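J.: Need coordinates for the below:
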Amino acid sequence: MPMTSREMISYLKKNGFEVISQNGSHVKMSNPLTGKTVIVPYHCKDLKKGMEQAILKQAGLK
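T.: Numbers count the residues shown, from 1 in each chain. Below is the predicted model of the structure:
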């Protein structure tokens, strides 16, 4: 089942990521322990499967 942007941001926060900034409809998050940075699109629609997997891969969670 696809995640919404809000669910993805919450999941990343639980895994040590912090919100650095928001520019328009995108949220920039970083993990201070690993140094990884990801950008999550922030809108009300579900994230597409490929986008969801790409964000998790960039975050090192998949």
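
J.: List the contacts of whatever helix or strand Ile20 lives in.
T.: Ile20 is part of strand 18-23 when elements are defined by DSSP states H and E. Outside strand 18-23, the residues that touch it by C-beta atoms under 8 Å, 6 or more residues apart in numbering are 9, 13, 27-32, 37, 42. To be clear about C-beta, it is placed using only N, CA and C from the backbone, and glycine gets the same treatment.

J.: try it again with 7 Å
T.: Contact with strand 18-23 is made by 27-30, 32, 42, as judged by C-beta atoms under 7 Å, 6 or more residues apart in numbering.

J.: Just the buried residues from these, in ChimeraX please.
T.: The buried residues among the contacts of strand 18-23 can be selected in ChimeraX (16 or more other C-beta atoms under 10 Å) with this line:
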select :27,29,30,42
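
J.: In helices, which of the contacts of strand 18-23 fall?
T.: Using DSSP state H, no member of these falls within helices.

J.: so where's this protein shaky on pLDDT?
T.: Along the chain, no part satisfies pLDDT under 70.

J.: Go again with 80.
T.: The chain contains residues with pLDDT under 80 at 1.

J.: just to revisit the earlier point, out of the contacts of strand 18-23, which is nearest to Met1?
T.: Tyr42 (19.3 Å; C-beta to C-beta).

J.: which residues touch that closest one?
T.: 5, 22, 25-27.

J.: again, 8 Å this time
T.: 5-6, 9, 22, 25-27.

J.: helix, strand or coil for Glu7?
T.: Of the three states, Glu7 takes helix under DSSP: H, G, I helix; E, B strand; the rest coil.

J.: hmm, back to that, may I see the contacts of strand 18-23 arranged in JSON lines, with distance to Phe17 as well?
T.: JSON lines is the format used below for these (distance: C-beta to C-beta, whole Å):
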{"residue": "Val27", "distance to Phe17": "10"}
{"residue": "Lys28", "distance to Phe17": "10"}
{"residue": "Met29", "distance to Phe17": "4"}
{"residue": "Ser30", "distance to Phe17": "7"}
{"residue": "Pro32", "distance to Phe17": "9"}
{"residue": "Tyr42", "distance to Phe17": "14"}
